[in-house]
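Novice: sequence first, predicted coordinates after that:
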Amino acid sequence: MKKIVISALLAVCAGNCFQSCTNLDEDVYSYIQTDDFFKNEQEMVMNIGRIYDYMKQYTHYFNMWGALTISADEAICPFREGNLWWDNGVWIDLHSHNFHSHVNNNAWDFIFGGVALCNQILYMIEESPVDFASKPSLIAEVKVMRAWFYMNGIDLFGNIPFTDNFKDEGLPPQKDRQFLFPWIEKELKENVEALPAIPATSNYGRPTQAMAYTVLAKLYINAEEWIGKEMWQETVDVCAKVKKLGMTLEPDYFANFKVNNENSKENIMVVVYDNVQTSGDWTYNFKLHQETLYTLSQQTYGIVDFCWDGFCATESLYNSYDENDVRRKSWLAGPQYDKSGNPLMYRGEPFSYNVSVTSLYDPQNPAKTEDGARCAKYEYEDGLQGSMSNDFVIYRYADVLMMEGEALVRMGKVTEALPLFNEVRRRAGVAEYTASQLTLDEILAERGREFAWEGLRRQDQIRFGTWGKAWDFKEPSEDYKKLFPIPYWALLSNPTLQQEPGYTN
């Protein structure tokens, strides 16, 4: 059913001729005829669908997912024997916190291209004379998406260009977190009640109250880092609002990541993919199978695509799981087999993925082909070729429970937090926490196991104070590297922007 709904949303009319600035750095201009606004509800809904098509870029390894995941302590892409895939060291630099624009550039584009798209659509909606019952709800969903893009902006880049007016053709001024935090909060609070309560067939892949409140919880739980103000009680209160809406944990952890995961009762915000409907443009495809597996694993799953032997889990992440933790099955480690159960053979020997990695970058002693546990968290479909059909999960109800629990622990209310964490732990098949075990260090470790490779780890590490520390193949890094540098081209195109402190232009 999701395929029908999303296909209808993305059937956008072509041929618009744009007339106002849509790029926050005035690098590229688009124009819209001021007399060519939406003529009916269907046109409006279809054009809003452009936002969710645009969102498909999120999981591309050179976009948000790569910037958020490879920079953290949960993933690496080592230089391997044969030099099959290492992109001239981009992933080594990213993991080592040697930040530059090659990866961050695309994350910047994604965020502010998303803002510009939302501003354009809001302008067209608000100027359209057409009126109908669902119009306020449509306006609310676009404003919530714009707030989400801006929240990612202050998270990754700190001081960023800001405009909420599509007609404004001037260079947008740079605003800091102190300005944008209350603006984002206000946008979310003013629009959440106009949204449907929880994901359903009719709104799948689009904002709901559950999604907006979860974004608000993210804002509050990171408030101490972002604006220097503790907002733990506010985090608890807004998580309670999500809980009242009727979301729940799936009994099976992996139900959230299946090929047809649109029926999950836990997934709050997803990027919708479909092997048939998703664009052929590779930057809009979800290709985890190619990014992490070695090509022999094609025989395990019946995958048609050639796999690149790239990203793998850090040894410390894999070893953090208890042996009986069901989430450990997110990773391929040890001997590998084909679909019939026969051992895969490599150079005349049974093929195994090693948990340990020989080196991150050492041409004299490169990582081995089989080094590193590989991700199997998302179900790989038999015969897979092109984009995966699994919808990528950005926020889950488990995160809401654990954010509430974390805020309670930070307020000294460990006893109240225990049931929240233990609900997640029971599903994972591991022992429940006692009060003495529920420390901040343990919460960070548990979040790492629960949300591995879901794009949350960078933010978590910064909030828990481990971002600048040493970990697998990374030396201690400077505090200013909590933010990525603003791309050089953005500074050139908008002279009002100043580079983040610590970086040179």
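Specialist: Nice, I can see it.

Novice: where does the residue located most distally from the centre of the chain land on pLDDT?
Specialist: Most distant residue from the mean C-alpha position of the chain: Gly348, 39.7 Å away (CA atoms, centre = their mean). For Gly348, the model assigns a pLDDT of 97.

Novice: element containing the residue nearest to the spatial centre of the chain, please.
Specialist: The centre of the chain sits closest to Gly455, judged by CA atoms, centre = their mean, with a distance of 4.2 Å. Gly455 belongs to no helix or strand when elements are defined using DSSP states H and E.

Novice: again, but for Trp91
Specialist: Going by DSSP H and E, Trp91 is part of helix 90-95.

Novice: can you name every helix or strand that that helix contacts?
Specialist: For helix 90-95, the elements it packs on are helix 64-69, strand 75-76, helix 101-127, judged by 3 or more CB pairs under 8 Å, 6 or more residues apart in numbering; DSSP states H and E. The C-beta positions use only the backbone N, C-alpha and C, and glycine is treated the same way.

Novice: mind checking what helix or strand follows the last one in sequence?
Specialist: As assigned by DSSP H and E, the chain's next helix or strand after helix 101-127 is helix 135-156.

Novice: give the buried residues for that following helix.
Specialist: 135, 137-156 (16 or more other CB atoms under 10 Å).

Novice: circling back to that earlier point, got phi/psi on the residue nearest to the centre of the chain?
Specialist: phi 90, psi 10 (degrees, to the nearest 10).

Novice: how much space between it and Phe181?
Specialist: With distances taken as CB to CB, to the nearest Å, Gly455 is found 21 Å from Phe181.

Novice: measure how buried Arg80 is and give me the count.
Specialist: Arg80 has 23 neighbouring residues, counting by other CB atoms under 10 Å.

Novice: and if you look at Asn324?
Specialist: Quick note: Asn324 (other CB under 10 Å) scores 10 neighbours.

Novice: how near is the residue nearest to it when sequence neighbours are not counted to Thr300?
Specialist: Spatial nearest neighbour of Asn324, chain neighbours left out: Gly429 (5.6 Å); criterion: CB to CB, 6 or more residues apart in numbering. Gly429 sits 24 Å away from Thr300, going by CB to CB.

Novice: domain assignment for this protein?
Specialist: 2-276+393-471, 291-375 (automatic domain parsing).

Novice: moving C-terminal of the helix or strand containing Lys186, what's the next helix or strand?
Specialist: Using DSSP H and E, Lys186 maps to helix 177-191. Following helix 177-191 in sequence order, the next helix or strand is helix 209-221 (DSSP H and E).

Novice: which strands and helices lie in contact with the next helix or strand after that following helix?
Specialist: For helix 209-221, the succeeding helix or strand toward the C-terminus, using DSSP H and E, is helix 223-227. Where contact means 3+ CB pairs under 8 Å, 6+ apart, helix 223-227 is packed against helix 177-191, helix 457-464.

Novice: just checking, what packs against the first one?
Specialist: Which is helix 177-191. Going by 3+ CB pairs under 8 Å, 6+ apart, helix 177-191 lies up against helix 135-156, helix 209-221, helix 223-227.

Novice: relative to helix 135-156, how tilted is that helix?
Specialist: Computed by axes from the mean of the first three to the mean of the last three CA atoms, to 10 degrees, the angle separating helix 177-191 from helix 135-156 equals 160 degrees.
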